[in-house]
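Engineer: Predicted structure and sequence below. I'll ask about it afterward.
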Amino acid sequence: MIRVELAKLFRRPRTYVITGLLCALPLIVAIFLATTKIPPPPGQGGAFLSAVLSNGALYPAAAMALVLPVFLPVSVAVLAGDAVAGEASAGTLRYLLIRPVSRTRLVIAKLLSLVTFVLFAILAVLVTAYITGSLLFGVSTTSAGVALPADVTSLSGVTITPFGLVLRLLGTVAYIVVSMLSVAAIALFLSTVTDSALGAAMGALAVLVTSQVLVTLDAAAAVRPYLPTRYWLAWIDFFREPVLWRDIERGAGIQLVYLVVLLGAAWANFLTKDVAD
Amino acid sequence: MITTHDLTKRYGHTVAVDGVGLDVREGDRYGLLGPNGSGKTTLVRMLLGLVFATKGEIEVMGRPVPRRVREVLPDIGALVEGPGAYGNLSGRTNLALFDAAGPGSRRRDRRQRVGEALERVGLAGIDRRPVKAYSLGMRQRLGLAGALLRKPRLLILDEPTNGLDPRGIREIRELLASLNAEGTTVFLSSHLLGEIDALCTRVGVMDRGQLVVQDELSALRAPTGHVVVTTPTPSRAVALLDGRVSSISGDSVVVRHEDAGALNALLVEAGITVTGISTQHRTLEDVVLDATTTSSDRVS
């Protein structure tokens, strides 16, 4: 079943359109930065953005910081919202179920296909960002390695080896995939509740926006540690020296809790649902 | 093949299917007839484990449904309320994907099986065009091909001829008859009387969620106890048979009589020319009209 889901994912033009749009955003930003050479003031703008002017090798990390807060979760919510509701409205869900595909297996295959999409999209963004970064800003690797920017590292002037940078990027990719699990699980759950793919995506986005707003609200400090988006930017800690694991671990933990609870709800709801359209 | 007992489905206060006791036997060509909204599709969905019954039991090929429906589904080909396909993919790819999605499909002969199924439904020449470019009739044929893909023992088809032209309907009818002759049990639902009249050997009639008639078609088409006589001189026939004539229209006379042969002899003996004589049978339409109340989409 998972092979069939992957075949459907990679045979749909929209997969590539969404990925292309995700790659386009860092490209546009890079072009503006490279032509004007105006770095964002320290403490503002996306992480790493001022650092890339001196070293294009860091641009993949900057690109992650650009797409993660809004663009990537929106595309995950749209695809996950469509996962079950879209099959239902296309009339293919009933034919999958009488094939027979077990309902449990179908939900899991949908989730794995979403994870694959996130991985594919992130890797595409990383590759295009590395290419634009090195073409537009140049790569300055000394024999000692890549200098981490002062505004993210706790110790300025620390350098890491290119191999170390690749390791940290891989950690970042893994953490971002995990961060998207809660979005995917929310939208997937709603997708089993409603027959409207748009409704499911909208519901998941509503949860995310609410969470993003509450994260910045001091009055909501009590619930802050449990919000799904609270630790989304914790992957930046991979670029500190030494790596700061505390938030990364908490973030991954929260995501897993959301995943287990919502996927369980999606499964329980779908298992007893009348497929009547 | 399929038996249900007191099968009931409620949606809130509406009763979609009400105490249905279906009995489809192996080798049947069973036609479920009923107007739109009479509960046919909900019934079909319950047989396939898509919709869960509020009350009652279902047994398909000896297995309780929905509890063990997964054991029998591989032997069932079905078309439920119109075909479903991924519009951006070709018909062939669609069939191959659905085949690969479930258990017990051999990859080796998949291409061949897809080709055979497409040929059986008259789509042998389809190219790589995506399904979204197909006509309604082509989609319907593709859906049928999907149902035939794994040579099922039981076909459950909900409105299989939707969107087909008269020639297409005839082709599908012949296809279903030949599959039935090869041993496949065919269960089809339709709101079109003629379709079921022309294909089926057993008939069930649904009305407002209830199964109001279920019998062999030949038994339903019992003689009415009347004989229709066609003669160029109807007035002479009426004069002879006075008291037994129940209606006259043009040159045909309907006579209350059990035996067409004896009646014929009587008329000929009296010197009346008989150009046609036949025993009158109840039509399926009479059966349906007797059994059902009002049209379901009539609001009064």
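Structural biologist: Thanks, I have it. In this text, all values refer to a predicted model and were calculated from it rather than measured experimentally.

Engineer: What residue, apart from its backbone neighbours, is nearest the residue in chain B that chain A sits nearest to spatially?
Structural biologist: In chain B, the residue that lies nearest chain A is B:Gly84 (2.9 Å; CB to the nearest CB). Every C-beta, even on glycine, is put in place using the N, C-alpha and C of the backbone. Counting by CB to CB, 6 or more residues apart in numbering or on different chains, A:Gly91 is the residue found nearest to B:Gly84 once chain neighbours are left out, at 2.9 Å.

Engineer: The one you found reaches B:Tyr86, doesn't it?
Structural biologist: No. Assessed by CB atoms under 8 Å, A:Gly91 is found out of contact with B:Tyr86, at 10.1 Å.

Engineer: At the geometric centre of chain B, which residue sits there?
Structural biologist: With distances taken as CA atoms, centre = their mean, B:Gly31 lies nearest the centre of chain B, 3.0 Å away.

Engineer: Beta-bridge partners for it, please?
Structural biologist: Residues in a beta bridge with B:Gly31, per DSSP bridges, are B:Leu188, B:Val203.

Engineer: part of a strand, is B:Arg108?
Structural biologist: No. Assignment of B:Arg108 by DSSP: H, G, I helix; E, B strand; the rest coil gives coil, placing it outside any strand.

Engineer: Compute the number of surrounding residues for it.
Structural biologist: 8 (other CB atoms under 10 Å in any protein chain shown).

Engineer: Give the residue spans of the chain that score low on pLDDT.
Structural biologist: Going with chain A. A:42-46, A:140-158 (pLDDT under 70).

Engineer: not quite, I wanted chain B
Structural biologist: B:294-300.

Engineer: Could you identify the longest strand within it?
Structural biologist: strand B:2-11 (DSSP state E).

Engineer: Now that strand: buried residues?
Structural biologist: In terms of neighbour count (16 or more other CB atoms under 10 Å in any protein chain shown), strand B:2-11 has its buried residues at B:2, B:4, B:7-9.

Engineer: can I get the residues you listed in TSV with distance to chain A?
Structural biologist: Converted to TSV, the buried residues of strand B:2-11 look like this (distance: CB to the nearest CB, whole Å):
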residue	distance to chain A
B:Ile2	14
B:Thr4	17
B:Leu7	14
B:Thr8	14
B:Lys9	9
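
Engineer: Turn those into TSV, columns for distance to B:Arg208.
Structural biologist: As requested, these are exported to TSV (distance: CB to CB, whole Å):
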residue	distance to B:Arg208
B:Ile2	21
B:Thr4	17
B:Leu7	15
B:Thr8	13
B:Lys9	13
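
Engineer: OK, contacts around the closest residue to chain B within the stretch 101-250 of chain A?
Structural biologist: For the stretch 101-250 of chain A and chain B, the shortest gap (CB to the nearest CB) falls at A:Val101, measuring 5.3 Å. Contacts were defined as CB atoms under 8 Å, 6 or more residues apart in numbering or on different chains; by that measure A:Val101 touches A:1, B:101-102.

Engineer: can you tell me which of those are in helices?
Structural biologist: B:Ala101 (DSSP state H).

Engineer: From the contacts of A:Val101, pick the one nearest A:Gly171.
Structural biologist: Checking the contacts of A:Val101 against A:Gly171 by CB to CB gives A:Met1 as the nearest, at 30.2 Å.

Engineer: Pretty sure that closest one sits against A:Thr104.
Structural biologist: No. The criterion here is CB under 8 Å, and A:Met1 misses it with A:Thr104 at 10.3 Å.

Engineer: Pick out whichever of the two has more residues nearby.
Structural biologist: A:Met1 (20 against 11).

Engineer: For chain B, see how far away that one is.
Structural biologist: 6 Å (CB to the nearest CB, to the nearest Å).

Engineer: For that residue, which residues are in contact?
Structural biologist: Contacts of A:Met1 by CB under 8 Å, 6+ apart are A:101, A:105-106, A:109, B:101.

Engineer: Give me the contact list for the helix or strand that B:Arg170 is a member of.
Structural biologist: B:Arg170 is part of helix B:166-181 when elements are defined by DSSP states H and E. Residues external to helix B:166-181 that are found in contact with it (CB under 8 Å, 6+ apart): B:27, B:29, B:120-122, B:137, B:140-141, B:144, B:148, B:155, B:157, B:160-161, B:164, B:186, B:188, B:195, B:198-199.

Engineer: try stretch B:254-263
Structural biologist: Here stretch B:254-263 makes contact (CB under 8 Å, 6+ apart) with B:223, B:225-229, B:237, B:241, B:244-248, B:277-280.

Engineer: Give me the buried positions along it.
Structural biologist: Those would be B:254-255, B:257, B:260, B:263, for stretch B:254-263 by 16+ other CB under 10 Å.

Engineer: just stretch A:181-189 next, same as before
Structural biologist: A:181-189.

Engineer: Which single one of the residues you listed is nearest to A:Val215?
Structural biologist: Of these, the one sitting nearest to A:Val215 (CB to CB) turns out to be A:Ser182, at 13.4 Å.

Engineer: Am I right that the closest one sits in a helix?
Structural biologist: Yes. Assigned with three-state DSSP, A:Ser182 falls within a helix.

Engineer: List the contacts of it.
Structural biologist: Taking CB under 8 Å, 6+ apart as the criterion, A:Ser182 is in contact with A:228, A:254-255, A:258-259, A:262.

Engineer: ok, 7 Å please
Structural biologist: Under the criterion of CB atoms under 7 Å, 6 or more residues apart in numbering or on different chains, the contact list for A:Ser182 reads A:228, A:255, A:258-259.
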